[in-house]
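Student: When you get a sec, could you give me coordinates for this:
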Amino acid sequence: MDPLLELTVAWALAVLFAASTAHKLAALAEWPGVVRNYRLLPERLTVPAAAALLIAEALTAAALVWPATRRFGACAAAALLIIFAAAIAINMRRGRTSIDCGCFGSRLREGLSVWMVARNLVLALLALGLLPPGRPRELSALDIAAALAVVATLSFLYPVLAVVLRPPPATFVENFEAGPTARQAR
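Tutor: Got it, this is the predicted structure:
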């Protein structure tokens with residue numbers, strides 16, 4: 001991989017993990033509840049798991065920034081993204097799409113969707129693309145400025161993409177049919 005592309009992907013993933021960590025820290029009291037809502041762990045493990053995930057995301061962001069730790073950060077990013085994709089997919093399979101994904105804290109109250117699974121898997125593939133050794137080439141100041149510009153642009157486009165790809169809210173009929181009253185009437 002060209003060093004400019006490697007730098008851009010690594011920094012973009014680092015910004016993504018750093019932003020996710022920052023949002024979770026801003027709503028720290030709610031974060032264990034988000035982990036608990038996935039119902040994948042015993043109750044006694046949700047608080048330690050929430051803390052471990054927060055620390056792992058922060059360390060992953062930091063590791064992706066520096067060339068010496070970038071491959072470790074890429075492995076950690078791919079592992080976290082695959083874990084998140086699996087957790088979302090499991091809950092979607094259970095029919096639990098209205099729980100908050102917790103991707104960027106719990107303030108967005110963003111439900112689960114197929115595009116989130118696909119997004120996390122694509123991001124994991126990008127992270128894994130950082131593992132093979134790159135072609136040796138010195139990066140110029142212009143290269144670094146271009147990488148920063150692309151990362152900044154992606155940082156603004158990412159939330160827009162999330163809004164555009166968000167599934168529409170449930171209709172009245174869908175909510176009614178999913179409710180306990182409709183099930184009791186059958």
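
Student: can we go C-alpha only for contacts and neighbour counts from here?
Tutor: Noted.

Student: for stretch 28-47, how far is the first residue from the last?
Tutor: One end of stretch 28-47 to the other measures 11 Å (CA to CA, to the nearest Å).

Student: Just the buried residues of it, please?
Tutor: By neighbour count on 16 or more other CA atoms under 10 Å, the buried set for stretch 28-47 is 28, 31-38, 46.

Student: Show me which pair in those is furthest apart.
Tutor: Spatial extent of the buried residues of stretch 28-47 (CA to CA) is set by the pair L28 and Y38 at 16.8 Å.

Student: Do a quick rundown of the strands in this protein.
Tutor: In the chain, no strands are found when defined by DSSP state E.

Student: for it, which residue is closest to the average position?
Tutor: C103 (5.1 Å; CA atoms, centre = their mean).

Student: List the beta-bridge partners for that one.
Tutor: G105 (DSSP bridges).

Student: Can you give me the pLDDT of it?
Tutor: pLDDT, C103: 82.

Student: Likewise for V173?
Tutor: Value listed for V173 in the pLDDT field: 73.

Student: and it, how many residues sit next to it?
Tutor: Number of residues near V173 (other CA atoms under 10 Å) recorded here: 9.

Student: and if you look at A87?
Tutor: Counted with other CA under 10 Å, residues neighbouring A87 total 19.

Student: In contact with the closest residue to it other than its chain neighbours, which residues?
Tutor: Computed as CA to CA, 6 or more residues apart in numbering, the closest residue to A87 that is not its neighbour in sequence is Y38, at 7.1 Å. Y38 makes contact with 87, 91, 99, according to CA atoms under 8 Å, 6 or more residues apart in numbering.

Student: Check the gap between the first one and L131 for me.
Tutor: Same thing as A87. Separation of A87 from L131 (CA to CA) stands at 25 Å.

Student: List of residues touching stretch 139-151?
Tutor: With CA under 8 Å, 6+ apart as the test, stretch 139-151 has contacts from 3-5, 7-8, 11-12, 15.

Student: Which pair of those spans the longest distance?
Tutor: Across these, no pair lies farther apart than P3 and V15, at 18.0 Å, counting by CA to CA.

Student: the more surrounded of those two?
Tutor: A count of neighbours by other CA under 10 Å puts V15 above the other of P3 and V15, at 20 against 17.

Student: can you pull out the helices in the protein?
Tutor: Counting by DSSP state H, the chain has helices at residues 3-26, 31-37, 43-65, 70-93, 114-128, 141-165, 172-178, 180-185.

Student: Can you say which of these is nearest to R135?
Tutor: Of all those, helix 3-26 sits nearest to R135, with 6.6 Å by CA to CA.

Student: Rounded mean pLDDT for that closest one, please.
Tutor: Mean predicted confidence for helix 3-26 is 93.

Student: now stretch 63-75
Tutor: Mean pLDDT, stretch 63-75: 96.

Student: Now do the end-to-end distance for that stretch.
Tutor: Termini of stretch 63-75 sit 10 Å apart (CA to CA).
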